[in-house]
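S.K.: Okay, sequence plus prediction incoming.
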Amino acid sequence: MELGNVLVIGNSGVGKSTLINAVLGESTSVTITRELLVKEPLPSKSDYIPFRMIDTVGFEPSLFKTRQSIRSVKRWSENAVKEGREDAQINVIWFCVDGTSRRLFSETIKNLTRATSLWTSVPIIVVITKSYSVPERTENRQMVYDAFKAQKRFSRNLRGILPVVADTFVLNTEAFAPPEGIEELVELTNSLLPEGVRAAKDDIEAYKLTRKRTLAHSIVGASTAGAVMVGALPVPIPDAMILVPTEMAMLNAITFVYDLKKDKNSNEFLKSMVSAGTVSLTAKTALAALKAIPGLNIGVSVLNAVIAGSMVAALGEVSIFVLEQVRSGKKTMEDIEWVTKVVESKLSNQFVEKVAELIKTATDQSDKKTIVAAVLELFTTSSK
């Protein structure tokens, strides 16, 4: 039976290890790093407790130690993605809060956010530990609710707030608080595991996509710089055809980043994007409009550099959108008509207006680095 993973996290001293021991009793332990200890239920208990528990070093008043704790969880998470290990995905988060403190500081929730930044959809259970006083439990629940209310991410993922006594607490020779809430916590966790498995897969896919998008943007940046260099050469540019080699190299590189198959269909798909961005009526009209802006006080090389960089940046940004649609299965490499319309729409009047404003702010003293930065800022911002 495949086990899920429950991350147990919170401030130092809230009783995370005591809670884990109360749930698992005897267990097998696997140390992952100095900061993480993974405990598995014994085979005899795996039907009732079908999940591992990941014990973390608590957040401390010391900023250095807190950062260590955050990094350990982030490393665990990122390695799960890089290695493709399903047994290292986080499926449920137990966020432990000390029931005797009566306060939940916003910084603690921020630390939770930082540590679990990869797992944005995973269900969260707030476990109020050391919940010895029954009358105070309502107050503690309200404390947690109020603290999470302003946190859209966590309020969306919050699935329960459970007071728990993990170990017998002796008040005096005649009174004590017995263990309580453990069974309810396990049952709620079990009910959330299927949702958590799906959420972890979605979060991993989103994480991979973000990394790919970042790399794709860097390719667009490098290609834009190359286009600015080409445009600044002291040769006439009758049309955008001179940019074709740069654009094809850029699209091939981005296609590789998104792990898309290269075949006859993909080649035609990429060529259609380049054609729409260079020789289509829309592209030619946009190019002519930009070169005919009245009252310019810049030389041809600067003008051409801005235009060349803008056209490549625009195509690069729209190609990221297009290829993500293909990668997600929403579109295919055979949708030539669709991709042509998408690229041409990027070169609409709005494109001309934005680039025209950029051209008007340029001067003969504008160097290539400045032009590249201005072009990328324009198209990266407008594409979000």
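M.R.: Structure received. Numbers count the residues shown, from 1 in each chain.

S.K.: pLDDT score assigned to the nearest residue to L42 once chain neighbours are set aside?
M.R.: Residue nearest to L42 in three dimensions, not counting chain neighbours: E26, with 5.7 Å by Cβ to Cβ, 6 or more residues apart in numbering. Quick note: C-beta positions are derived from backbone N, CA and C, even for glycine. As predicted, E26 sits at a pLDDT of 77.

S.K.: any weak-confidence spans in the protein?
M.R.: Under the criterion pLDDT under 70, the flagged ranges of the chain are 1, 32-34, 102, 104, 152-154, 168-177, 233-240, 295-297, 381-384.

S.K.: can you pull out the strands in it?
M.R.: Along the chain, counting by DSSP state E, strands occupy 4-10, 27-31, 36-41, 51-56, 92-98, 124-129, 158-163, 169-170, 176-177.

S.K.: Parallel or antiparallel, which strands does the third one pair with?
M.R.: Going back to what we said before, that points to strand 36-41. strand 27-31 (antiparallel), strand 51-56 (antiparallel) (DSSP bridges).

S.K.: So what touches the last one?
M.R.: Applying Cβ atoms under 8 Å, 6 or more residues apart in numbering, the external contacts of strand 51-56 come out as 3-9, 16-17, 20, 23-24, 27, 32, 35-41, 69, 72-73, 76, 87, 90-92, 115, 189-190, 193.

S.K.: Generate a ChimeraX selection restricted to the buried subset of these.
M.R.: A single ChimeraX command selects the buried members of the contacts of strand 51-56 (16 or more other Cβ atoms under 10 Å):
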select :3,4,5,6,7,8,9,16,17,20,23,24,27,35,36,37,38,39,40,41,69,72,73,76,90,91,92,115,189,193
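
S.K.: which of the residues in stretch 47-62 are buried?
M.R.: In stretch 47-62, counting by 16+ other Cβ under 10 Å, buried: I49, P50, F51, R52, M53, I54, D55, T56, V57, G58, F59, E60.

S.K.: what does stretch 113-121 give?
M.R.: R114, A115, T116, S117, L118, W119, T120, S121.

S.K.: which of those residues lies closest to T210?
M.R.: Nearest to T210 out of the buried residues of stretch 113-121 is L118 (Cβ to Cβ; 9.6 Å).

S.K.: so who does the closest residue to the closest one other than its chain neighbours touch?
M.R.: Nearest non-adjacent residue to L118, counting by Cβ to Cβ, 6+ apart: S77, 4.3 Å away. By Cβ under 8 Å, 6+ apart, the residues touching S77 are I90, T116, L118, W119.

S.K.: now those as TSV including distance to I254?
M.R.: Below are the contacts of S77 laid out as TSV (distance: Cβ to Cβ, whole Å):
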residue	distance to I254
I90	30
T116	30
L118	24
W119	28
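
S.K.: quick one: which two of these are the most distant?
M.R.: Maximum distance among the contacts of S77 (Cβ to Cβ): 7.9 Å, for I90 and L118.

S.K.: and the longest helix seen in the chain, how far out from the chain's middle?
M.R.: As assigned by DSSP state H, the longest helix anywhere in the chain is helix 182-232. Chain-centre distance of helix 182-232: 4 Å, with Cα atoms, centre = their mean, to the nearest Å.

S.K.: Quick one: work out the angle between it and strand 124-129.
M.R.: 130 degrees (axes from the mean of the first three to the mean of the last three Cα atoms, to 10 degrees).

S.K.: Specify the angle between helix 182-232 and strand 92-98 in degrees.
M.R.: 110 degrees.

S.K.: quick one: helix 182-232 to strand 158-163, angle?
M.R.: Helix 182-232 and strand 158-163 are oriented at 140 degrees to each other (the same axes, to 10 degrees).

S.K.: that older thread, what's the closest of the contacts of S77 to I128?
M.R.: T116 (18.9 Å).

S.K.: quick one on the thing from earlier: compare the strands of the chain and give me the one nearest L270.
M.R.: Per Cβ to Cβ, nearest to L270 of those: strand 4-10, 40.4 Å.

S.K.: tell me what the closest one is packed against?
M.R.: In this structure, strand 4-10 packs against helix 16-24, strand 51-56, strand 92-98, helix 106-115, helix 182-232, with contacts taken as 3 or more Cβ pairs under 8 Å, 6 or more residues apart in numbering; DSSP states H and E.

S.K.: Now tabulate the ones you listed in JSON lines and tack on distance to V134.
M.R.: Listed next are those as JSON lines, based on distance: least, Cβ to Cβ, whole Å:
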{"stretch": "helix 16-24", "distance to V134": "19"}
{"stretch": "strand 51-56", "distance to V134": "27"}
{"stretch": "strand 92-98", "distance to V134": "17"}
{"stretch": "helix 106-115", "distance to V134": "24"}
{"stretch": "helix 182-232", "distance to V134": "15"}
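
S.K.: Nothing else from me, thank you.
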